[in-house]
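Novice: 3D model of this:
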Amino acid sequence: MTVWLVGAGPGDPGLLTRRGAEVLARAEVVVHDRLANPILLELAPAHAVRISVGKAPGYVEMTQEQINAVLVEHGLTGARVVRLKGGDPFVFGRGGEEAEALANAGVTFEIVPGITSAIAAAAYAGVPVTHRGVSTHFTVVTGHEDPTKGHTDVDWEALGAVGGTIVILMGAARLPDIAARLLRGGRSPSTPVIAVRSGTLPTQHSVRMTLGDLRAVKAPSAIIVGDVAALDFGWFEHRPLFGRRIVVTRAREQASEMTVRLTELGATVIEIPAITIEPVAVTVPDLADYQWVVFTSTNAVVGFWESGLTPAGLDARALGGVRVAAIGPGTAAALASRGVVPDLVPERFVAEALVDAFPIPGRVGVLGGARVLIARAEVAPDVLPEGLSNKGYHADVLPTYRTVPVELSPATAADLRTHGADAITFTSSSTVTNFLSSFGALTDFAAPAPKVISIGPITSATAVEQGLSVSAEASESTIEGLVAALVSALTPLPL
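Specialist: Residues are numbered from 1 along each chain as shown. Here you go, the predicted structure:
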């Protein structure tokens, strides 16, 4: 088999190449760097062996020689091995040394290039490394050469004289000395400089200065020197939730859509599922006895379809003789994916609005009113069945799933108490009660306590009952509505 040397990109997991994702999905062993985003490890199969070989200033888990030996050892077994490296393997990533060791051992390998921070950090800061009329070339150079070789290969004075853009990686600690040598080479003290720390990540921070008037720079930073550094086509740090930490308490099975949306808006998302969804073993009654079937959530749809009414499961024909109602567009979409277009979706996506939207029932059957089957959670407010009953329907409840509390890990709880969060989102009453039961009061967060953002009135009522102050409530009980409320509640941080 092959060892793949994969560039993980500069930090943003979305910048991993398609080829990189493909080989990770088939990996049996993943040898990963500190600078490779840990989220990318989730792309590897659960059974894959994960070996951390991270390096940080003053700390080394493995020397480069030991890393080479690990790659050779696993490569010789015939396993599918992925060496996941930050940035690009061949741009100051020591990928050449690893390829050399594999070649000498007779292990086949493949290089999967990655996006280097030399370009990506500048782009995410809104600075092009070349620009018409400003810079026609750029030089990428390390500010941290191998201290054991006894000499330097970088002629900083010559770089100062050559012009164009200079991108310095791993040079934060030596920047004053580097700047002095560039100035001696002829660069003007007024030359613009931008240092981009943690480029492409939600924690990115840019510092603008000049070569003659430097500010402190922290690692890891990409430092761009040249006239292009005066350009500011900023976009990444201008997103509405940039720099914000948002807690998402939705069940992990449902959190991805919201996480993606918040990440696109610049937030750091902390997924803490307060609940998980479990199906309820249930037999769907004869639908010929009902005039309506109501679905209260996407989970209700999934549970209904997996109920086992027939050995092959349900299909759209099972609902051919009844009218179907959905509480909102998400539920309607889940039905549509199964070939069912609901007859009724209220304008507001809450139980009260669904009751109001129902027509006055006809006189059907011996029970004196039309029969409605409500597919919902095992434990849920009775607003819908009681409202339909008051309207003249005979309402039966069919529990198709249950929510089960999830315990908060000690490490996550410690992170919240140390670093806090700007907001916490709740998408149901059970997420409120279960999170508070597991974590404790929101005042246990690092100050200030996070703002509470609710998906709708029932969730808000539960939050208030639990002693919380709701900062914002979604105008529509959807993920988009919740995100809109969150953006409105959190004014952008000053740049």
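Novice: number of nearby residues for the closest residue to Thr191 other than its chain neighbours?
Specialist: By the measure of CB to CB, 6 or more residues apart in numbering, the closest residue to Thr191 outside its immediate chain neighbours is Leu211, 4.2 Å from it. Heads up, the C-betas are built off the backbone N, CA and C, glycines and all. Burial of Leu211, expressed as a neighbour count using other CB atoms under 10 Å, amounts to 22.
Novice: for Leu211, what are its contacts?
Specialist: In this structure, Leu211 makes contact with 179, 182-183, 187-193, 225, judged by CB atoms under 8 Å, 6 or more residues apart in numbering.
Novice: run the last query once more with 6 Å
Specialist: 179, 187, 189, 191, 193 (CB atoms under 6 Å, 6 or more residues apart in numbering).
Novice: can you check Glu110 too?
Specialist: Listed by CB under 6 Å, 6+ apart, the contact set of Glu110 reads 2, 4.
Novice: hang on, it is in a helix, isn't it?
Specialist: No. Under the criterion used here (DSSP: H, G, I helix; E, B strand; the rest coil), Glu110 is strand, not part of a helix.
Novice: against Ile39, how distant is it?
Specialist: Distance check for Glu110 against Ile39: by CB to CB, to the nearest Å, it reads 23 Å.
Novice: what pairs with the strand ranked longest in the chain, and is each one parallel or antiparallel?
Specialist: Of all segments of type strand in the chain, defined using DSSP state E, the longest is strand 394-405. According to DSSP bridges, the neighbouring strands of strand 394-405, each with its direction, are strand 275-279 (antiparallel), strand 371-377 (parallel).
Novice: please identify the buried residues of the first one?
Specialist: Across strand 275-279, burial judged by 16 or more other CB atoms under 10 Å covers 275, 277, 279.
Novice: now, which of those residues sits nearest Arg244?
Specialist: Ranked by distance to Arg244 (CB to CB), these are led by Ile275 at 23.6 Å.
Novice: what sits against the closest one?
Specialist: 251, 403, 430-431, 434.
Novice: among these, name the ones in helices.
Specialist: Among these, DSSP state H puts 430-431, 434 in helices.
Novice: CSV for the residues you listed, including distance to Trp292?
Specialist: Converted to CSV, these look like this (distance: CB to CB, whole Å):
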residue, distance to Trp292
Ser430, 26
Thr431, 28
Asn434, 31
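Novice: can you pick the most crowded of these?
Specialist: For the ones in helices among the contacts of Ile275, the largest number of neighbours (other CB under 10 Å) sits with Thr431, at 28 neighbours.
Novice: got the contact list for that residue?
Specialist: The contact partners of Thr431, taken as CB under 6 Å, 6+ apart, are 249, 274-275.
Novice: ok so, going back, out of the strands paired with strand 394-405, nearest to Ala334?
Specialist: If you check each of these against Ala334 by CB to CB, strand 371-377 wins as the nearest, at 11.2 Å.
Novice: helices or strands next to the very next helix or strand once past the closest one in the packing?
Specialist: Secondary structure here is assigned by DSSP states H and E; on that basis, the next helix or strand after strand 371-377 toward the C-terminus is helix 383-390. For helix 383-390, the helices and strands in contact under the criterion 3 or more CB pairs under 6 Å, 6 or more residues apart in numbering; DSSP states H and E are helix 351-357, strand 371-377, strand 394-405.
Novice: many thanks, have a good one.
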